[in-house]
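**Student:** Structure for this input, please:
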Amino acid sequence: MADRVLILGGTGRIGSSVAQDLIAHTDAKIMITGRHADAGMALSSQLGQNVEFLALDLADTEGLSKAIALSELVIHCAGPFHYRDANVLKTCIEQGVNYLDVSDHRSFTAKALDYKPAAEAAGITAVVNSGIFPGISNSMVLQGVEQLDTAERIHLSYVVAGSGGAGITVMRTTFLGLRTPFEAWIDGKWQTVKPYSDREAIKFPDPYGQTGVYWFDMPETFTLPATFPVKTVITKFGTVPDFYNYLTWSVAHWWPASWLRNPQVIEFLAHVSHRMTDFTDNFSGVGVAIRSEVTGQKAGKPASYCSTLVHENTSVAAGMGTGAIAQLMLDQKLNKPGVWVVEQVLPTDLFEQAMLSRGLEIQGEWMSL
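**Tutor:** Numbering: from 1, shown residues only. Next up is the predicted model:
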């Protein structure tokens, strides 16, 4: 019998991209969920005969538990994860069902990682922070670390064009990330950093070229130091067109903190931004670029390894990153009971094979110091 996969939030841009990747690379029977029946039924019909729709609100714990019990793998794509608890993961552990998510906020990641002993005891594999960034980006860092004898510094930079092909949830996530300063691992100690500060010009591959990026609170800001014994981890994010960076910077630095803690203000910003990108996407595109640079020692000398990735659609690339891990879990090639972030559980050889099968090309080169 075909594996049964439940995609929570499967009617959203990221969730539907994950479903499309699984359709292309597996024979799984897929159940996508959402709160709006008409849109969900239309999407499931469009995706094909291996996809069904279930109207489900995550607040319906009884309905959620029943849906999980009928699945071999649950993929949680219902963000923003700033607002989520780890109840879906907890239910998967209780039901003995493997778990995967596209979470992108440190508060949720910390909650999920607390369930590691319970997942180990239940014999289930749970992977958090999959997708494009975090996700593919973390595996690119692992590639770089493995090139060196000793890694000392990790610098991750991301740039997204316009909306990235994503829905309004991603807009909410961006503005929610501006609310409070966060802790970053710099020079061997935790230091407080203000979101969207310290602009840095990074050279990405074409078509992005030299682009400004800023500090942004990502789960990998604290999971990478927990995984690798490095002195510094930098995570920076930017957008094109560049005027979006200045607008976001002004919100982060000029708007009162109390406004950004107001859900109505976040909704206003998200909807206005989404309408703006509906227009600018026509000339900026919706692509993504990642640049990972790992610096350390190789054969007793200072060395730096840089890898880059570009894709024309951010949401599709995120679907590939999550779909690749889901495929490996369904094929029993990724079976490690516990709760893990991507860089701790996905071996580089499997990562490279999965990216190659999806046409995602990662370029790597040694940098002169």
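**Student:** Kindly tell me how buried residue 27 is, as a neighbour count.
**Tutor:** 11 (other C-beta atoms under 10 Å). Yep, even glycine has a C-beta here, placed from its N, CA and C like the rest.
**Student:** same check, this time on residue 146
**Tutor:** There are 12 residues near residue 146, going by other C-beta under 10 Å.
**Student:** swap in residue 259?
**Tutor:** Neighbours around residue 259, by other C-beta under 10 Å: 14.
**Student:** Please name the spatially closest residue to it (chain neighbours excluded).
**Tutor:** Spatial nearest neighbour of residue 259, excluding adjacent residues (C-beta to C-beta, 6 or more residues apart in numbering): residue 265 at 4.8 Å.
**Student:** List the buried residues in the lowest-mean-pLDDT helix or strand in the chain.
**Tutor:** Using mean pLDDT, DSSP states H and E, helix 168-176 stands out as the lowest-scoring helix or strand of the chain, at a mean of 80. Of the residues in helix 168-176, 168-176 count as buried by neighbour count, 16 or more other C-beta atoms under 10 Å.
**Student:** ok, so what distance separates residue 218 from residue 146?
**Tutor:** 21 Å (C-beta to C-beta, to the nearest Å).
**Student:** Residue 272 sits in which helix or strand?
**Tutor:** Assessed by DSSP states H and E, residue 272 sits inside helix 263-284.
**Student:** Within the sheet, what are the partner strands of the next helix or strand after that helix, with directions?
**Tutor:** Using DSSP H and E, the helix or strand that follows helix 263-284 towards the C-terminus is strand 288-298. Sheet pairing for strand 288-298, assigned by DSSP bridges, gives strand 150-161 (antiparallel), strand 301-311 (antiparallel).
**Student:** what comes up buried for the shortest one?
**Tutor:** Neighbour counts over strand 301-311 (16+ other C-beta under 10 Å) mark 303-311 as buried.
**Student:** And stretch 76-86, by the same measure?
**Tutor:** Neighbour counts over stretch 76-86 (16+ other C-beta under 10 Å) mark 76-82, 84, 86 as buried.
**Student:** Filter these down to the ones in strands?
**Tutor:** residue 76 (DSSP state E).
**Student:** list the contacts for the closest residue in space to residue 140 that isn't next to it in sequence?
**Tutor:** What sits nearest to residue 140 in space, not counting adjacent residues and going by C-beta to C-beta, 6+ apart, is residue 292, at 4.2 Å. For residue 292, the contacting residues are 137, 140-141, 143-144, 154-156, 306-308, by C-beta atoms under 8 Å, 6 or more residues apart in numbering.
**Student:** Now the strand or helix carrying residue 353: average pLDDT?
**Tutor:** Applying DSSP H and E as the criterion places residue 353 in helix 348-357. Average pLDDT, helix 348-357: 97.
**Student:** Show me what it packs onto, helices and strands only.
**Tutor:** With contacts taken as 3 or more C-beta pairs under 8 Å, 6 or more residues apart in numbering; DSSP states H and E, helix 348-357 sits against helix 137-147, helix 314-330.
**Student:** can I get these in TSV with distance to residue 188?
**Tutor:** Formatted as TSV, the helices and strands packed on helix 348-357 follow (distance: least, C-beta to C-beta, whole Å):
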stretch	distance to residue 188
helix 137-147	17
helix 314-330	30
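**Student:** Please identify the most buried of those.
**Tutor:** helix 314-330 (a mean of 27; mean count of other C-beta atoms under 10 Å).
**Student:** how far out from the middle of the chain is the helix or strand just after that one?
**Tutor:** Once helix 314-330 ends, the next helix or strand along the chain (criterion: DSSP H and E) is strand 338-341. Taking C-alpha atoms, centre = their mean, to the nearest Å, the mean C-alpha location of strand 338-341 is offset from the chain mean by 15 Å.
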